[in-house]
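>>> just a sequence and a predicted model for now, questions to come.
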Amino acid sequence: MAIQGFEGDSAVPTLDFKGRQFVYAHHLTVPFRSLEVDAAKSLPAKGGKPSLDDNLIIHGDNLHALKALLPTHAGKINCIFIDPP
């Protein structure tokens, strides 16, 4: 493992290690998944039905959850709290 130094004011140090390209591109290999509403665990707005437009709690792998949100929620999310393992 080696940290590359600065090359001028605009360069950013990078961490170089064996397998870096695999890790860097791993998210591209993870397939998109669909989100499904569990009505039994939902608390919709008064008079409404449970939907993906309300606040969401997603239980699962962080990367899978983020990939599931991407097609329908890109540019619409204000905050994501990820609880690390």
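Cool, got the structure.

>>> tell me how many other residues surround Phe81.
5 (other CB atoms under 10 Å). C-beta coordinates here come from the backbone N, C-alpha and C atoms, glycine included.

>>> okay, Phe6: pLDDT?
For Phe6, the pLDDT comes out at 46.

>>> ok, now which ones touch Asp83?
If you count contacts by CB atoms under 8 Å, 6 or more residues apart in numbering, Asp83 has none.

>>> could you pull out the helices for this structure?
Counting by DSSP state H, the chain has these helices, from start to end: 20-29, 62-73.

>>> among those helices, which comes closest to Ala40?
helix 62-73 (19.6 Å; CB to CB).

>>> and the angle for the closest one with helix 20-29?
Interaxial angle of helix 62-73 relative to helix 20-29 (axes from the mean of the first three to the mean of the last three CA atoms, to 10 degrees): 50 degrees.

>>> isn't Lys67 right next to His27, touching?
Yes - using CB atoms under 8 Å, Lys67 is in contact with His27, at 7.4 Å.

>>> which of those two has more neighbours?
Lys67 (15 against 10).

>>> tell me the pLDDT at the more buried one?
88.

>>> from Leu35, how far out is it?
10 Å (CB to CB, to the nearest Å).

>>> do the same with Lys18
From Lys18 over to Leu35 (counting by CB to CB), the distance is 36 Å.

>>> the more surrounded of the two?
Leu35 (14 against 7).

>>> against Ile82, how distant is that one?
The separation that Leu35 has from Ile82, given CB to CB, amounts to 16 Å.

>>> quick check: the spatially most central residue of the chain vs Gly48, distance?
When CA atoms, centre = their mean is applied to the chain, the residue found nearest the centroid is Leu66 (2.8 Å). Counting by CB to CB, the gap from Leu66 to Gly48 is 26 Å.

>>> next one: Gly75
24 Å.

>>> with neighbour numbers in mind, choose between these two.
Gly48 (10 against 4).
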